[in-house]
Each structure stands twice: as structure tokens, then as C-alpha cells.
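1. any chance you can model this:
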Amino acid sequence: QVLLVESGGGLVQAGGSLRLTCAVSGRTFSSYSMGWFRQAPGKEREFVARITWSGGSTYHADSVKGRFTISRDSAKNTVYLQMNSLKPEDTAVYYCAMDPSSMGNYHYWGQGTQVTVSS
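-> Got it, this is the predicted structure:
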């Protein structure tokens with residue numbers, strides 16, 4: 001079993017910053033990736049960023065490129081999402097997820113953390 005626990009969400013003014021944390025525990029896999037997603041009220045879930053655990057390769061959605069950065073600390077089994085220059089449209093519940101085989105299928109999800117950006 002895999003357990004993902006997000007933290008770090010909150011209320012911030014436009015232009016501000018937040019860092020989300022995802023603690024990973026339980027079963028591990030030989031080649032997995034971690035991703036961040038978000039879902040705003042009334043909208044579909046949206047991919048934000050991903051990182052391969054072994055090599056640390058990253059990919060960010062165009063909507064957040066240059067403002068958000070995904071990273072991981074292997075020693076702490078933790079994934080981060082540094083969010084800078086936040087905009088009101090970044091308001092959403094943010095979820096971390098694990099793709100056990102790095103094939104684009106996220107099987108494990110955290111409970112989510114709310115990020116609210118005021119204008």
C-alpha cells in the first residue's frame with residue numbers, strides 16, 4: 001500500500017508563493033514517477049507537473065512553466081511543488097499522485113490540499 005499526504009496549502013495574495021509538500025510512504029517501486037495535479041471548482045482535474053524519482057527528470061504544464069517547480073528529496077521520501085507568482089486562477093485543490101511504472105497511469109493519490117489565491 002502507498003500513502004501520500006499533502007500539506008502546505010493555504011490562502012495567499014496574488015504574486016505570493018507557497019510550497020506544497022507530499023510525504024510518500026509504504027510500498028515503493030523500481031521505476032516510478034510522482035505528479036502534482038489540481039482541480040478547481042466546476043473544472044476537470046488538471047495536470048501540473050511530474051518528476052521521475054530515480055533521475056529527477058521534470059515536466060511542467062505550460063500554464064505553470066516558469067512559476068512552479070517540482071522537486072524531490074529522496075532521503076526524505078518527499079516531493080515538493082514550489083509555487084511562485086501565484087495567480088487567482090491557480091486556486092484549486094492540489095493533489096500529489098504516484099505513477100508506479102512511469103507509464104502515465106497514476107494509481108495512488110493523496111487527499112489533496114487547498115490553495116486559494118486572492119486578487
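2. can we go C-alpha only for contacts and neighbour counts from here?
-> OK.
3. which strand or helix spans the residue nearest the centre of the chain?
-> What sits nearest the mean C-alpha location of the chain, by C-alpha atoms, centre = their mean, is residue 36, with 2.6 Å. Remark: residue 36 resides in strand 33-39, with elements defined by DSSP states H and E.
4. ok, now residue 95?
-> Element membership for residue 95 (DSSP H and E) is strand 92-99.
5. may I have that strand as PDB, with CA atoms only?
-> What follows is strand 92-99, C-alpha atoms only, in PDB (Å, rounded to 0.1, in the frame of the first residue of the first chain):
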ATOM      1  CA  ALA A  92      -7.700  24.800  -6.600                       C
ATOM      2  CA  VAL A  93      -7.300  21.600  -4.600                       C
ATOM      3  CA  TYR A  94      -3.800  20.300  -5.300                       C
ATOM      4  CA  TYR A  95      -3.200  16.500  -5.300                       C
ATOM      5  CA  CYS A  96       0.000  14.500  -5.400                       C
ATOM      6  CA  ALA A  97      -0.100  11.200  -7.100                       C
ATOM      7  CA  MET A  98       2.200   8.200  -7.900                       C
ATOM      8  CA  ASP A  99       2.700   6.500 -11.200                       C
END
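6. coming back round to it: touching the strand holding residue 36 from outside, list them.
-> 45-53, 79, 81, 92-102 (C-alpha atoms under 8 Å, 6 or more residues apart in numbering).
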